[in-house]
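In: Sequence first, predicted coordinates after that:
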Amino acid sequence: MTTVDEATTSVRTVTASIDGQAVTVPEGTTIYDAARQVGVDIPVLCHNERYDPVGVCRLCVVDTGGRAFAAACVRPCDDGMEVRTDTPEVERTRATLTELLISDQPPRAEDPKQTTTGDNLLLGLADGFGVARETTGLPCGSGRGKDSSNPVIAVDHDACILCDRCVRACDDIQGNDVIGRSGKGYATTISFDLNDPMGASSCVTCGECVQACPTGALTNKPINSIPIRPREELDAVDSVCPYCGVGCALTYYVDRDRGAIAFAEGRDQPGSQSRLCIKGRYGWDYAASPQRLTVPLIRREESYPKGALSADVRGDGDGGKSGGGKASGGKSGDGKRGKRGRDGRRKPGGLVDYDEVLPHFREATWDEALDLVARRLTEIHASGGPGAIAGFGSAKCSNEEAYLFQKLIRAGFGTNNVDHCTRLCHASSVAALFEGVGSGAVSTTYGDVANADVVIITGSNPTANHPVASSFFKQARRRGTKIIYVDPRASTVAEHADYHCQVKPGTDVAFYNAIMHEVIRLGLLDREFIAARVSNYDELARTVAEYPPERAAQITGVNAEEIREVARVWGEAGAGVIYWGMGISQHTTGTDNARCLIALCSITGNVGRPGTGLHPLRGQNNVQGASDAGLIPMFYPDYQGVDRDATRRRFEEAWGASLDPERGLTVTEIIGSVLRPDGVRGMYMLGENPFLSDPNINKVRKALSGLDFLVVQDIFLTETAEFADVILPASSYLEKEGSYTNTDRRVQLGRRVMDPPGQARVDWEIVQDIARRIGLDWSYASPSEVFDEMVALMPSYANLRHDNLGLSGKLYPNDDPEHSDGTVVLFDERFNTDDGLAHLVPAQWLPAKELPDTEYPLVLNTGRLLEHWHTGSMTRRSFALDTIAPSPEVYMHPKDAADRGLAHGERVRVRSRRGAIELTVRISHREQLGNCFIPFHFREAAANLLTIDAIDPYGKIPEFKFCAIQVEALGAARAEPGPAVGVGE
């Protein structure tokens, strides 16, 4: 035994001999891992480097000189140990074990894995040992059954060898704890929950178990009848998931003969580490929908004056899911209209009715459509000035497309009226971060949770909204990191938390002020950090002194002793990170909420070191990148203020245009501006659907109807497109090249998987064609050329190029992307503020703008489901996602439902001062008494018909998380919605 000193760490090592080769390894290293270091391959079935070893299959047995063979995957090396891995006796034992396992397997020609991906590991070992089910003399057992209850995963218990790889994948990697074993002896099988069918269990269909399974026990089912074939017969395209901000790396396997994706798998990357959720693994088929827009469309003259075209969007229908009709360009829909009820109205569903809307448009050539767009926007600009034009970009588009779109609006029309959906998610977080630390990006990664002693997860449900990031949170907790979960809902995160502080909605400022009050009282401050790197601490201390735990308990509903305990745990931790979501930002006090989180990290020194920092979990796949690229009204690319003279002159020189010195209007302000005679008159919307995503839909409907000209560029006919004068068929994420920046600041390449359908075109080319038509001299030949121009204007992205991003992308800032993954932890020495200090801004608790009363006694919270995304235009066209979560529900506390005589599954009406919707009740123990939750994906029960359009004064973000409602049986008397309280037009 020897000791090796590496810096300050002392590592004990052992030396063993493996097949005659000496190897020195750290003490505790398994024989299997040591053998790999010297190039010795030991066969395994149950083992995978990603999981903790269990040694159940015994295929990896080796001869260590003991009385019995040892399982190499679990047996550690001893000093002086001599190991033989391939003696005749060892090989014979492995062959016998393989024969015993293969005897119960389905015939090779019927094996679920071998007949699809063709990579059954057990069959591969059997071939190597010269054994086969067809030639063995052992009896074949069968009859343990199959389970086809999950729409995309097939279970064949007869093909299962009980290796427990699926159990460990579910537990150790995803942290879902769904899979176990049931039965005894030969009848033992893997099971889901309490031996439920997989489709009826708590399984979240992440597919991690399928990726883990070495046999045909767990396999993917074909989606949309595209057969799953061996990888070598398909075209592998390495890309990035198009859904949330986690930005998981994946590989699409494409059947070129059928022009479709066969299946997808996670691939290695420093962030996601081969993990996927249900959307990444199974939610890609939306791009192949027959309802894709394929030719430009122009509104017919007889369809003016403008307004909503469908009964659903007009507000005089129940909503419906019509797959009927033809998507423009001759592609048929699914061949059926939504079913009608006895009253002649469609039953609930969820897609725009193409049959009802498309007759109001005619097909056009690209030249005709683009000429009309350029002419009308130019005319409006000439008559109304720059302020009459506005653009909504998209966080679903690439960095390059976001950059070109904002450049078009600014350089082409002379206005900063350009924004995107960041205004609806983390605008208040960005406002507070810029004010406090001088940067709107996260200061550390989601994976840095592994280095934290404690984390606060607040205003977020990452198991639904950022599932892969949440898997790292759950892993960290199993390894000893304490989780403090602060949220009004008892989501599944609460089940993994050490503390769940179930605050009342809208009371975050009071809660965090009380935490800081206790941190200060207990002396758990980092006084050295405060003295050297923080400003305005004294004012903060005076403010939080007004919030002792007893007062905060009255406001928040959290017990005062629990507040004290949480403050102590946070204050005593050596390293802590705060992760937050839209439960913090989507309030009229969203900026104040984020200010409190910045202050809490700063006064305890939890910034700038591994395992510390501030991380607003980004919603869309490229909301970070779109914001970085300048798709916001107050900043040029890289958050350089439009109202700073030197900055503006720099961009004027780079772009060769005169630029507006005033900040532009935000998403919510633009909608309000349209309702004024001197406001916005012409709009260009790229990939946004504000009719469903913005608050107070009645107000949005009126605004969209009032525009003089609207061009919508999208892949489907959206609700917003019903108000368009011109509709341009765009490309989906899967049909173009470009870079995307995830929540970690990781810039990655999305690669073209297939071509756009029909005449649809990639978005950056469409934007460039419009730019040329209004007089801009643009001649970009590729997205990489656009990226190079961006980087030259964005110091944070310095040194990055498409050709050095590689397969796993790079974090920014990055001094040497050729050799480094980039900077994980920011602010190790100074903040990005002008003086290098963190600027603390104290906040007083304020109540929400609209409070419950006797007529509207409940509080509504809105958000996302695991299976769906934003307005549902993608996910509701995905077979797996729409099958698992097909319809809207209102989640209610059991007592709230009982008080109203409502039963689980009953149809109800939910109404606010702005409107009413009808949907189904779901009795939920995750809700607080007096609170309801409605996902906003469902157009037939659009939650934003109910929400209030009051906004945060700094981030200009709407209060999606709090408004007053009533829930009642459909037979109850309907009251007409009254005027909104505390809301101005």
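Out: Structure's in. What do you need?

In: got a list of what Tyr740 touches?
Out: Listed by C-beta atoms under 8 Å, 6 or more residues apart in numbering, the contact set of Tyr740 reads 240, 247, 398-399, 621-622, 625, 747-750. Yep, even glycine has a C-beta here, placed from its N, CA and C like the rest.

In: how close does the spatially closest residue to Ala427 that is not a sequence neighbour sit to Asn417?
Out: Closest residue to Ala427 apart from its sequence neighbours, by C-beta to C-beta, 6 or more residues apart in numbering: Gly955 at 3.8 Å. Using C-beta to C-beta, to the nearest Å, we find Gly955 at a distance of 17 Å from Asn417.

In: what's the answer for Gly393, then?
Out: 11 Å.

In: Show me which of those two is the more surrounded one.
Out: Between Gly393 and Asn417, counted using other C-beta atoms under 10 Å, Gly393 has the larger neighbour count: 32 against 27.

In: show me what contacts the more buried one?
Out: Here Gly393 is in contact with 401-402, 405-406, 418-420, 626, 631, 686-688 (C-beta under 8 Å, 6+ apart).

In: Which of these fall in strands?
Out: Judged by DSSP state E, the subset of the contacts of Gly393 located in strands is 418-419, 686.

In: which residues in the stretch 501-650 of the chain form strands?
Out: Applying DSSP state E, counting those that start in this stretch to the stretch 501-650 of the chain gives strands spanning 534-535, 576-580, 613-616, 635-636, 640-641.

In: possible to save those strands as JSON lines with mean neighbour count, mean pLDDT and distance to Pro106?
Out: Formatted as JSON lines, the strands of the stretch 501-650 of the chain follow (neighbours: other C-beta atoms under 10 Å; pLDDT from 0 to 100; distance: least, C-beta to C-beta, whole Å):
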{"stretch": "strand 534-535", "mean neighbour count": "21", "mean pLDDT": "97", "distance to Pro106": "65"}
{"stretch": "strand 576-580", "mean neighbour count": "28", "mean pLDDT": "97", "distance to Pro106": "45"}
{"stretch": "strand 613-616", "mean neighbour count": "27", "mean pLDDT": "96", "distance to Pro106": "47"}
{"stretch": "strand 635-636", "mean neighbour count": "25", "mean pLDDT": "95", "distance to Pro106": "59"}
{"stretch": "strand 640-641", "mean neighbour count": "16", "mean pLDDT": "94", "distance to Pro106": "62"}
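
In: So which of the ones you listed is nearest Ala71?
Out: Nearest to Ala71 among those is strand 576-580 (37.7 Å), distances taken as C-beta to C-beta.

In: Which neighbouring elements make contact with that closest one?
Out: Applying 3 or more C-beta pairs under 8 Å, 6 or more residues apart in numbering; DSSP states H and E, we find strand 576-580 packed against strand 454-458, helix 590-603, strand 613-616.

In: Name the strands paired with the last one and say parallel or antiparallel.
Out: Sheet pairing here is set by DSSP bridges, and for strand 613-616 it gives strand 576-580 (parallel).

In: Residues touching the partner strand, excluding its own?
Out: Taking C-beta under 8 Å, 6+ apart as the rule, strand 576-580 contacts 429, 444, 446, 448-449, 452-460, 462, 469, 473, 570, 594, 597, 600-601, 604, 606, 611-617.

In: now it against strand 454-458, angle please.
Out: Strand 576-580 and strand 454-458 are oriented at 10 degrees to each other (axes from the mean of the first three to the mean of the last three C-alpha atoms, to 10 degrees).

In: tell me the angle of strand 576-580 relative to helix 590-603?
Out: Using the same axes, to 10 degrees: strand 576-580 against helix 590-603 is 170 degrees.

In: returning to that earlier point: so is the residue nearest to Ala427 in a helix, a strand, or just coil?
Out: Secondary structure, DSSP: H, G, I helix; E, B strand; the rest coil: Gly955 is coil.

In: Ok, the one 10 residues further on next?
Out: Look at Ile965: counting by three-state DSSP, its state is strand.

In: That one bridge partners, please.
Out: Under the criterion DSSP bridges, Ile965 forms beta bridges with Leu858.

In: how near is Ser627 to Ala411?
Out: Taking C-beta to C-beta, one finds Ser627 at 19 Å from Ala411.

In: Between those two, which has more neighbouring residues?
Out: Ser627 (27 against 21).

In: Are there helices or strands packed against the strand ranked longest in the chain, and which ones?
Out: Determined from DSSP E, the single longest strand within the chain is strand 9-18. Applying 3+ C-beta pairs under 8 Å, 6+ apart, we find strand 9-18 packed against strand 2-6, strand 21-26, helix 31-37, strand 82-83.

In: on that earlier part again, could I get the contacts of Tyr740 as TSV with secondary structure?
Out: Conversion of those to TSV gives the following (three-state DSSP):
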residue	secondary structure
Val240	strand
Gly247	coil
Ser398	coil
Asn399	helix
Asn621	coil
Asn622	coil
Gly625	helix
Val747	strand
Gln748	strand
Leu749	strand
Gly750	strand
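
In: of those residues, buried ones?
Out: Buried members of the contacts of Tyr740, scored by 16 or more other C-beta atoms under 10 Å, are 240, 247, 398-399, 621-622, 625, 747-750.

In: Quick check: Asn622 touching Thr741?
Out: Yes. At 6.3 Å, Asn622 counts as touching Thr741 under the criterion of C-beta atoms under 8 Å.

In: residues shared between the contacts of the two?
Out: By C-beta under 8 Å, 6+ apart, the residues touching both Asn622 and Thr741 are Asn399.

In: and stretch 22-34, which residues are buried?
Out: 23, 25, 29-34.

In: Does the residue in the chain sticking out farthest from the centre belong to a helix, a strand or coil?
Out: Distance from the C-alpha centroid of the chain peaks at Arg67, with 52.8 Å (C-alpha atoms, centre = their mean). Look at Arg67: counting by three-state DSSP, its state is coil.

In: Distance of it relative to Gln586?
Out: Arg67 is 65 Å from Gln586, by C-beta to C-beta.

In: before we move on, the earlier item: and which of the contacts of Gly393 is nearest Glu662?
Out: Comparing the contacts of Gly393 against Glu662 with C-beta to C-beta places Val418 closest, at 12.9 Å.

In: Any idea how many residues pack against the closest one?
Out: Counted with other C-beta under 10 Å, Val418 comes out at 28.
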